[in-house]
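S.K.: What follows is a predicted protein model with its sequence.
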Amino acid sequence: RAWGTPAPQVPQGARLADAVAEHYDDILSLYGRELGLRVARKHLGWYAEANGAPNRAELLRAPTPEAALAAIRAGFADAGKAVFPEQDPWAAGVPS
């Protein structure tokens with residue numbers, strides 16, 4: 001983030017699910033259906049861990065992109081608050 005500007009808001013609920021689904025679609029577009037399904041798993045795992053998605057295992061084992069997108073919608077629509085913003089050392093400002 002730029003000096004003196006607030007950190008962007010992390011999307012929650014349906015907005016988070018939309019953002020994860022869009023990123024997933026972008027990965028599939030870049031890598032293709034088969035390779036993209038495998039490449040996207042690490043990203044889905046990070047999203048699930050950071051946002052408390054209850055279906056991480058389902059996300060990582062989805063056999064098709066359609067199953068993964070359904071799991072994204074189910075898991076992130078009600079996911080809890082992201083973990084990473086609270087761990088941001090810059091959140092309280094730069095130490096003097």
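M.R.: It's in.
S.K.: any idea how far residue 49 is from residue 7?
M.R.: Separation of residue 7 from residue 49 (Cβ to Cβ, to the nearest Å): 19 Å. Yep, even glycine has a C-beta here, placed from its N, CA and C like the rest.
S.K.: Contacts only, for residue 73.
M.R.: 17, 21 (Cβ atoms under 8 Å, 6 or more residues apart in numbering).
S.K.: where does it land in three-state SS?
M.R.: Under the three-state scheme (DSSP: H, G, I helix; E, B strand; the rest coil), residue 73 adopts helix.
S.K.: More neighbours: residue 7 and residue 49, which one.
M.R.: residue 49 (13 against 10; other Cβ atoms under 10 Å).
S.K.: Tell me where the model's unsure across the protein.
M.R.: 1-2, 79-96 (pLDDT under 70).
S.K.: What segments of it are strands?
M.R.: Taking DSSP state E, the chain contains no strands at all.
S.K.: how about the helices of it, start to end?
M.R.: 13-31, 33-51, 56-61, 65-76, 84-87 (DSSP state H).
S.K.: Output those helices in CSV, with distance to residue 3 appended to each entry.
M.R.: Below are the helices of the chain laid out as CSV (distance: least, Cβ to Cβ, whole Å):
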stretch, distance to residue 3
helix 13-31, 25
helix 33-51, 25
helix 56-61, 35
helix 65-76, 31
helix 84-87, 18
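S.K.: Return the most buried member of those.
M.R.: helix 65-76 (a mean of 19; mean count of other Cβ atoms under 10 Å).
S.K.: tilt between it and helix 13-31?
M.R.: 150 degrees (axes from the mean of the first three to the mean of the last three Cα atoms, to 10 degrees).
S.K.: Now the closest residue to residue 18 other than its chain neighbours: phi and psi?
M.R.: Of all residues not flanking residue 18 in the chain, residue 11 sits nearest, at 7.4 Å (Cβ to Cβ, 6 or more residues apart in numbering). Dihedral pair for residue 11: phi -60, psi 150, per degrees, to the nearest 10.
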